[in-house]
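[1] Got a predicted structure here, sequence first:
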Amino acid sequence: MRQSATPGLANRFLAGSAAAVALFSLAACAAKGHDLSQINFRPLSANPRIVLMPPDIRYYLLTAGGHPELHAEWTGEAQSVFSNTALDIARAKGVDLVVLGRNDISPLTLQYEGLHAAVGEAVIEHALGSAALPSRDTNLASSWTLGPGVRELSKQSGADYGLFVHYRENQASGGRIAFAILAAAAKTPIPTGSSHGFVSLIDLETGNIAWFGVISGDMREVEGANAVAGWIFDGLPFLKSTAGGHAPE
Amino acid sequence: MKASSWTGLILTLCLAGCTGGYLLVSPGTRLIDDLKVQADPGWNRVPATGIRWARSNAQVWTKDGMSLDRLVIIPHVPNGEAVYLAHKVSTVFPAFDAGMSGDDLQKLLESTIEIASGEGLTDISSNNLRPQMFGDSPGYVFDLVAVVHDGPNYRGVAGVFVADDHLYLLYFLGAIPYYFEQHRGSAEAVIRSATL
């Protein structure tokens, strides 16, 4: 994680700095495995069918004033490269993966994409960070859920699990870099970029998170997408060769 | 900022994160400034550092984390003041007026949340305004819908009343699908229990 600033606009709506603080403190305090499956993961079958939801990956360009503007080309590129790479790796590993294209996305899928972003932020802040919620046992995977309504996604895809990917990256525009240089001369550092992301394996029967990981890497490039997707499939509970943790930079 | 200052900032943030700061809200009668509410089990009080715009006497509670649900309780807003506090000169929240109608109070909350969320990032609408007694004080409850530019959408419910020229406002927002319905009953019970 490179910066504490988050481009997730949901966070702005949430009007709180707590998530940003938690992300910052997570990096500073406790970079650790994120395998929520260790407690109560229940494999549905030896080789379950997984549907890769349209990757919720977005790239933003920071204007000189620091306002993030969606970069459609980079965003489309990254979504496409990641989906293709994930499919290649899944095939190589014998994983029964179906890919839901962004063109096939339904209003329901969009709703769950947004909900996954919010649930992931909560996991990072309250389960992986140390801002625990006293009223609940945040270590239990079943504590974190998209709700049983996800069964509809299972009906649509025939899958046992949904793989949700959320990633946001801010990159500095030329104007922002120039501004940063000027600001640095005045000994006032300003952010020139940030990234954060996470991936969840969702049990499409219950909606519960079966496995969760924090991801980082340039998804626009095959090499970056390959590293992230490879790490994800290595970490999946039923294919396990390594425990969950941070993806390689 | 010097390197040492950045180190201090990081340590401060880490400390804030590492110590958490969420407190369990004990069930039963809770007093928030001069406002009483009945809390059921399962609410956590958000630390003050997690509430950017809140007045010092306001509280925010959540069951599953602020990205998923939040109950905002804002007591005793004086006539002529805004519901939220602006920390930047460029941010101007609308002011409460003790003569506001129910419709006006709906619009006051809508625009306050939209401004706090960042202009153009969230569209808030409210509907189904209906009368509600808060103890001896007449007021209103109404429903909320928040469409967020990049994130889940939210549904909610708000309760509002004016007493002695002061505004009392409570609103709940829960992410959809699932979280709004999951906590709606509990949140509405807190809102409807509000009394002086």
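    Sure, I can see it. Numbers count the residues shown, from 1 in each chain, chains lettered A, B, ... in the order given.
[2] quick one: the helices in chain A?
    Using DSSP state H, the helices of chain A run over A:9-14, A:18-29, A:37-40, A:72-93, A:107-122, A:151-157, A:174-185, A:222-235.
[3] Not counting its neighbours along the chain, what's nearest the residue nearest to the spatial centre of chain A?
    Nearest to the geometric centre of chain A sits A:Phe198, at 2.3 Å (Cα atoms, centre = their mean). Using Cβ to Cβ, 6 or more residues apart in numbering or on different chains and skipping the chain neighbours, the partner closest in space to A:Phe198 is A:Gly120 (4.5 Å). For glycine as for every other residue, the C-beta is placed from the backbone atoms N, C-alpha and C.
[4] State the helix or strand in which the residue nearest the centre of chain B lies.
    In chain B, the residue lying closest to the centroid (Cα atoms, centre = their mean) is B:Val72, at 2.4 Å. Applying DSSP states H and E as the criterion places B:Val72 in strand B:69-78.
[5] can you give me the angle that strand makes with helix A:107-122?
    Orientation of strand B:69-78 against helix A:107-122 (axes from the mean of the first three to the mean of the last three Cα atoms, to 10 degrees) gives an angle of 70 degrees.
[6] Which strands and helices lie in contact with the helix or strand following strand B:69-78?
    Next helix or strand after strand B:69-78 toward the C-terminus (DSSP H and E): helix B:102-117. Applying 3 or more Cβ pairs under 8 Å, 6 or more residues apart in numbering or on different chains; DSSP states H and E, we find helix B:102-117 packed against strand B:122-134, strand B:137-148, strand B:153-163, strand B:166-176.
[7] can you put these in JSON lines and add distance to B:Arg184, mean neighbour count and mean pLDDT?
    Putting these into JSON lines (distance: least, Cβ to Cβ, whole Å; neighbours: other Cβ atoms under 10 Å in any protein chain shown; pLDDT from 0 to 100) gives the following:
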{"stretch": "strand B:122-134", "distance to B:Arg184": "13", "mean neighbour count": "15", "mean pLDDT": "92"}
{"stretch": "strand B:137-148", "distance to B:Arg184": "10", "mean neighbour count": "19", "mean pLDDT": "94"}
{"stretch": "strand B:153-163", "distance to B:Arg184": "7", "mean neighbour count": "23", "mean pLDDT": "96"}
{"stretch": "strand B:166-176", "distance to B:Arg184": "7", "mean neighbour count": "25", "mean pLDDT": "96"}
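[8] got these as CSV, with distance to chain A columns?
    Below are the helices and strands packed on helix B:102-117 laid out as CSV (distance: least, Cβ to the nearest Cβ, whole Å):
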stretch, distance to chain A
strand B:122-134, 5
strand B:137-148, 5
strand B:153-163, 7
strand B:166-176, 5
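[9] Any idea which of those strands gets closest to A:Leu108?
    Closest to A:Leu108 of the helices and strands packed on helix B:102-117, according to Cβ to Cβ: strand B:166-176, at 11.1 Å.
[10] So which other helices or strands are in contact with that closest one?
    Strand B:166-176 sits against helix A:107-122, strand B:69-78, helix B:102-117, strand B:137-148, strand B:153-163, helix B:179-192, with contacts defined as 3+ Cβ pairs under 8 Å, 6+ apart.
[11] How about B:Asp123, nearest residue that isn't a chain neighbour?
    Here the residue nearest B:Asp123, using Cβ to Cβ, 6+ apart, is B:Val147, at 4.5 Å.
[12] By mean pLDDT, point me to the weakest helix or strand of chain A.
    helix A:18-29 (a mean of 36; mean pLDDT, DSSP states H and E).
[13] now do chain B
    helix B:3-18 (a mean of 36).
[14] next structured bit after it?
    Following helix B:3-18 in sequence order, the next helix or strand is strand B:23-24 (DSSP H and E).
[15] Off-centre distance for that next one?
    How far strand B:23-24 lies from its chain's middle: 17 Å, per Cα atoms, centre = their mean, to the nearest Å.
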